[in-house]
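Undergrad: requesting a structural model of the entry that follows:
(one chain, ligands or ions: 1)
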Amino acid sequence: MPYPELHPPVRTLLGPGPSDTHPRVLQALAKGTVGHLDPYYLEVMNGLQEMLRGLFRTKNPMTMAISGTGSAGMEATVVNLIEPGDSMVVCVNGVFGGRMADVAERAGAKVIKVERPWGEVFTPADLAAALAQKPKVVGIVMAETSTGAWQPIEEISRAAHEAGALLLVDAVTALGGVPVEVDAWQIDAIYSGTQKCLSCPPGLSPVSFSPRAMEVVLGRKTKVQSWYLDVSMLANYWGQNRVYHHTGPINMTYALYEALRLVHEEGLENSWARHRANHLALRAGLAALGIRYATDESCTLPQLNAVLVPEGVDDAAVRSALLNRFGIEIGAGLGAYKGKVWRIGLMGYGSRPANVLLFLAALEQLLAEQGFKFTPGSSIAAANRKYSQKS
Ligand SMILES: *Cc1c(COP(=O)(O)O)cnc(C)c1O
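TA: Below is the predicted model:
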C-alpha cells in the first residue's frame, strides 16, 4: 500500500484549540452509525438538546448543534438574524470579533464596528454611540481566544436591549470553562464549538436562539441567505417534526453527546472551578519565572492564558521544541500579538494538574537552554503550592 495507515503522534494539546479529546468521547465516535431518522438517533438528539440547554442555562426550545465548526455557528446566528441592509454593531478586540464583522458584512449587514485594543474588554459606555444608531443586532465575543480576554456580558446585554437590539454572543471558547447564562443574561443568539472546553473533536457548533430571536427569524421579509444554515428549516428537524433537512453527522453527535454526559457527571460549576484551579496554578508557576500575562488580571480567561514571550527568548524555537521533544502544542500569537505572545490553553479534558506540571517542567528546561535566568524548579513549586491551598 502506498498510503500509510494513520498513526497520528500522541500530543498534549495546550493551545487555543482543538484541545485534547476525552478518551470516552473518542470511543463514542467509534460506535456503529445509524440512520439520521432512526428512532435511536432521535432519542440521542433529544438527550443532546436537553443537555445543551443545561449547559447554556436556557429553556430555549431552539437549542441544537449546527453541522460544522464554531465558525458555522457564527454564520448561522448572523445570517438568520440579519437581512440585507440591517445594521449590526460588532465589537472587535481580537481576531474573532473581526471575523464576526466579516461574516455580517457578507450577509449584507451595515456593520458598525466598535473597537478596543487587543487584551481589553468592552464596557456599555464604549458602545453608547453605536447603540444610538439603533442597530438590529449587537454581536460580541465572550472569550476572545486570540487575546485571552474575558468579556462580561450582562451589562452589555442590558445596554443592547435598552437600545432595542438583539444580543448575539460568541461563546466558542467560553462554554464549559466559565459561566455562560443564556436566560439570566437574556442572550438572544449564541453559538459555541465542540473542540475548546468540551473535550470533543471539532465538528459541531452548539447554538441557541431565544423565542424573541426566533420571532425575528420567522418574521423575515427575505429568505435566509444560506439554505444549509436556515434555522426555520433546521427547526423542522431538531423540533417535533424531525423532517429530513440534511444528514446529521451521526458519529460527531455521539461524540458531543458523550462530552455533554461528562460535563453533566462532573457538574457544570465543578467544571468552571476546575478550569479556574488549573489556571491559578499555571499562573503562579509562570509568575515564579517572571512571565507576565498579555491581558489584564481583571479580564483573564482561565482557559486561555495569553502570556508575553520573555525578552531574549526565541518564540518559535520554544514552541517547536515543546512540540517535537515533549509532544506539547501551545499557540502562537496572532495579529497584533504575532511573535510576542504564547497562548496556553487549559481547556476541557486538557485542564488537568498533570498538564500544568508537565508544561511548566518542559518550559523550564527550554528556557534554561535559551539562557533565560530563573530559579530552577520554582514554577513547579509555585504551582504545587497553589494546588495545596484549599480555596
Ligand atoms: C475557535 C473560535 C472560533 C472559530 O471556531 P472554529 O471551530 O475554528 O470554526 C470562533 N470564535 C472563537 C472565540 C473561537 O475561539
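Undergrad: and stretch 270-286, which residues are buried?
TA: 271-272, 274-286 (16 or more other C-beta atoms under 10 Å). Just so you know, the C-beta spots here come from the backbone N, C-alpha and C atoms, and that holds for glycine as well.
Undergrad: near the ligand, which residues of the stretch 151-300 of the chain show up?
TA: 170, 172-173, 193, 202 (C-beta under 6 Å from any ligand atom).
Undergrad: among those, which one sits closest to Ala149?
TA: Thr173 (10.6 Å; C-beta to C-beta).
Undergrad: can you report phi and psi for whichever residue of the stretch 251-391 of the chain sits closest to the ligand?
TA: Going by C-beta to the nearest ligand atom, the ligand is nearest to Leu304 of the stretch 251-391 of the chain, at 8.0 Å. Here is the backbone geometry of Leu304 (degrees, to the nearest 10): phi -140, psi 110.
Undergrad: got the contact list for the closest residue to it other than its chain neighbours?
TA: Distances taken as C-beta to C-beta, 6 or more residues apart in numbering place Gly148 nearest to Leu304, at 4.5 Å, with adjacent residues excluded. By C-beta atoms under 8 Å, 6 or more residues apart in numbering, the residues touching Gly148 are 119, 293-295, 300-301, 304-306, 343.
Undergrad: and those, which of them are in strands?
TA: Counting by DSSP state E, these place 304-306, 343 in strands.
Undergrad: any idea which element Pro2 lies in?
TA: Pro2 belongs to no helix or strand when assigned by DSSP states H and E.
Undergrad: burial of it, as a residue count?
TA: 3 (other C-beta atoms under 10 Å).
Undergrad: domain map for this protein?
TA: 23-265, 267-388 (automatic domain parsing).
Undergrad: quick check: which of the ones you listed is nearest to Val10?
TA: domain 267-388 (5.7 Å).
Undergrad: chain center to the closest one: distance?
TA: Taking C-alpha atoms, centre = their mean, to the nearest Å, one finds the center of domain 267-388 at 19 Å from the center of the full chain.
Undergrad: who wins for neighbours among the contacts of Gly148?
TA: Leu304 (31 neighbours).
Undergrad: pretty sure Ala128 is in a helix, no?
TA: Yes. Ala128: assigned to a helix according to DSSP: H, G, I helix; E, B strand; the rest coil.
Undergrad: how many neighbours does it have?
TA: Here the number of neighbours of Ala128 (other C-beta under 10 Å) works out to 12.
Undergrad: so what's it closest to, chain neighbours aside?
TA: Closest to Ala128 by C-beta to C-beta, 6+ apart is Ala159, at 7.6 Å.
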